[in-house]
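K.L.:
Prediction below, plus the sequence it came from.
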Amino acid sequence: MKFIHTSDWHIDNSFSKFSNDKKDELKKARWNAIKKIFDYAKNNNINLILVGGDQFDDGFSVSKDSLLELLKLIQSYKDIKFVMIAGNHDPYTTGSVYLKVEETSYPNNLKFVKDKEEIYLKDINCKIFVTSLNSKNGRNNPLSWVETKDEECLRIGLTHGSLKIEDKYNPDDFPIDLNFAEEKKLDYLALGHYHTFYKQGDKTFYCGTIEQMQTHDTFYALEVELE
C-alpha cells in the first residue's frame, strides 16, 4: 500500500516579522503547498493521506472561513481518503476551530478523529491507530492505548507528540518512547509536531512541516510504501 504522511501545515501563521504584503504572499504559498501535496497524490494514484495535526497555527483564533476553505479543498479530491487529527496548536477542545462548523459540513472523504480510534481499511487490510490531542500540553503518550499484537494486517500509528530524544524533548509535549513502534508491533508510526524531518529506526517518522518555519528545518511530505 502507498500513502502520504504530512503534518504541521500551520495555516494562517501570523508571519509577524514580515510586512503585510509579504504576510499575504506567505499565507497563499502555504495553501499552494498543501494543494501540491494533494495533486501529487492524485496524479500518482495514492488514495490515502494521513495528516498529523497542527493544520492551523492557532486553532482558537483562526477563522471559520479558513476551516471551510480547507474542507472544500479536501472535498475536491473525492477519490482520496484523508485521516486527520488535531495537534497541540489546534487541539480538539472547547473553542476549537474544528467546532466552528457543523459536523455535517465535513466531507465524506475526510475522517477527522476527535479523540482516539482504531480505523480498519478492509480493502488494503490495514489498521490505523489514531489519537487527536485534546489539550495544548500533556505528559502521556497519546497512543498508549494501542495493544501489542501480531496481526495479519498492516498496523500504522498516527499521532502528535515528542519522541524522547535526550535533551531535545519537552516532557509536557506528549512524550513517546523511542522504540514505541517496535514495542507495539507497528509497521509505521506517523508523527506530527517536529517541524523538520526526523527518522527513528526504520518505522518512526516525522515528515516535518510543509514549508520552512525556521532556518534549520528540513520539510517534506512523505510518500510511504508498505508491504
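P.N.:
Nice, thanks for sending it over.

K.L.:
For this protein, just list every one of the helices.
P.N.:
Listed in chain order, the helices of the chain (DSSP state H) span residues 20-43, 64-75, 180-183.

K.L.:
By mean pLDDT, which helix or strand of the protein comes out lowest?
P.N.:
Here the helix or strand of the chain ranked lowest by mean pLDDT, DSSP states H and E is helix 20-43, holding a mean of 93.

K.L.:
about what we covered before: which one of the helices of the chain lies nearest to Lys203?
P.N.:
Ranking the helices of the chain by their distance to Lys203 (criterion: C-beta to C-beta) puts helix 180-183 first, at 4.0 Å. For the C-beta atoms, the positions are set from N, CA and C on the backbone; glycine is no exception.

K.L.:
Can you name every helix or strand that that closest one contacts?
P.N.:
Helix 180-183 sits against strand 188-192, with contacts defined as 3 or more C-beta pairs under 8 Å, 6 or more residues apart in numbering; DSSP states H and E.

K.L.:
show me the contacts for Arg30.
P.N.:
Counting by C-beta atoms under 8 Å, 6 or more residues apart in numbering, Arg30 touches 9-11, 13, 210-211.

K.L.:
Serialize these to a markdown table and add fields for neighbour count.
P.N.:
Below are those laid out as a markdown table (neighbours: other C-beta atoms under 10 Å):
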| residue | neighbour count |
| --- | --- |
| Trp9 | 28 |
| His10 | 21 |
| Ile11 | 22 |
| Asn13 | 18 |
| Ile210 | 23 |
| Glu211 | 18 |
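
K.L.:
Closest one to Tyr98 out of the residues you listed, please.
P.N.:
Using C-beta to C-beta, the shortest approach to Tyr98 within the contacts of Arg30 belongs to Ile11, at 12.6 Å.

K.L.:
Tell me what that closest one is bridged to.
P.N.:
When bridges are called by DSSP bridges, Ile11 pairs up with Phe56.

K.L.:
Tell me the pLDDT of it.
P.N.:
At Ile11 the predicted local distance difference test score is 95.

K.L.:
I'd guessed it sits against Gly59; true?
P.N.:
No. Contact status for Ile11 versus Gly59: not in contact, 9.9 Å apart, counting by C-beta atoms under 8 Å.

K.L.:
ok, which stretches of the chain are strands?
P.N.:
Across the chain, reading from the start of the chain, the strands by DSSP state E fall at 2-6, 48-51, 81-84, 110-112, 116-121, 126-131, 154-160, 162-163, 175-176, 188-192, 198-200, 204-206, 222-225.

K.L.:
Please convert the contacts of Arg30 to CSV, extending it with distance to Asp90.
P.N.:
Putting those into CSV (distance: C-beta to C-beta, whole Å) gives the following:
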residue, distance to Asp90
Trp9, 10
His10, 9
Ile11, 9
Asn13, 12
Ile210, 15
Glu211, 17
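
K.L.:
nearest to Lys23, of the strands of the chain?
P.N.:
Distances from Lys23 to each of these were compared using C-beta to C-beta; the minimum, 23.0 Å, belongs to strand 2-6.

K.L.:
Against which helices or strands is that closest one packed?
P.N.:
helix 20-43, strand 48-51, strand 222-225.

K.L.:
Any buried residues in the first one, and which?
P.N.:
This means helix 20-43. Along helix 20-43, the positions that meet the burial threshold by neighbour count (16 or more other C-beta atoms under 10 Å) are 27, 30-31, 33-34, 37-38, 41.

K.L.:
Need these in TSV (columns: distance to Leu121).
P.N.:
As requested, these are exported to TSV (distance: C-beta to C-beta, whole Å):
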residue	distance to Leu121
Lys27	34
Arg30	29
Trp31	28
Ala33	26
Ile34	23
Ile37	20
Phe38	19
Ala41	16
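
K.L.:
Thanks a lot, catch you later.
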